[in-house]
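Asks: Structure for the following, please:
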Amino acid sequence: MKLIILFVSFFMFLPIIAQKSAYIPVYLLDTNTVDGHQFTWSKTMQSPNFIVIWGDSAGLNPMQANDPNLAFDPVSVLDTMEAIYQFFLSTGFPQDIPGTNLHTYKIPIIMLNTFGPNGAVGWAFGGDVDGIVGAFWVHQQQNPDQHGSRLLDHYQGLRQWLF
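Replies: Below is the predicted model of the structure:
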């Protein structure tokens, strides 16, 4: 009887302990695109709610990128985004509840300019990815260690409001 109760209890609480899945944008899974050709799991880092993705120009360790303008600390980016996310959750915005894509998937953060001159470039923008989840594209110089997290705050809030 104890075994049955333990078994039932396990499945009752399974959704509570389930982790989010990393959402990789379709264009990054397409090896026929410049960015997709460079995507590997070894150039990602994850936290509970986010995944940072970068290209070959930042190398396997983006903190030691050959070009100092492309260097960034993915742990710092993730920590900042998690703190911002927790703040927004505490305000009741957004709704990270079971049954929503936000509850199912981690939000991609794609590091711009790390996919070479023919890949994704720019400063910062956010938007929808594949109609599934919001995402954030950012240049490394928006790294919170260098310039504060105001821009990250702005886009995090805007993305959650829109998606």
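Asks: lowest-pLDDT helix or strand in this structure?
Replies: Every helix and strand of the chain was ranked by mean pLDDT, DSSP states H and E. The lowest is helix 2-17, at a mean of 44.
Asks: Sheet-wise, list the partners of the very next helix or strand once past that one with their directions.
Replies: With elements assigned by DSSP states H and E, the helix or strand that comes after helix 2-17 is strand 21-22. Sheet pairing for strand 21-22, assigned by DSSP bridges, gives strand 105-111 (parallel).
Asks: buried set for the partner strand?
Replies: Neighbour counts using 16 or more other CB atoms under 10 Å place 105-111 of strand 105-111 among the buried residues. C-beta: built from backbone N, CA, C; applies to glycine.
Asks: I'd like to know the average pLDDT value across the next helix or strand after that strand.
Replies: Reading on from strand 105-111 to the C-terminus, the next helix or strand found by DSSP H and E is strand 124-129. Model confidence over strand 124-129, given as mean pLDDT, is 86.
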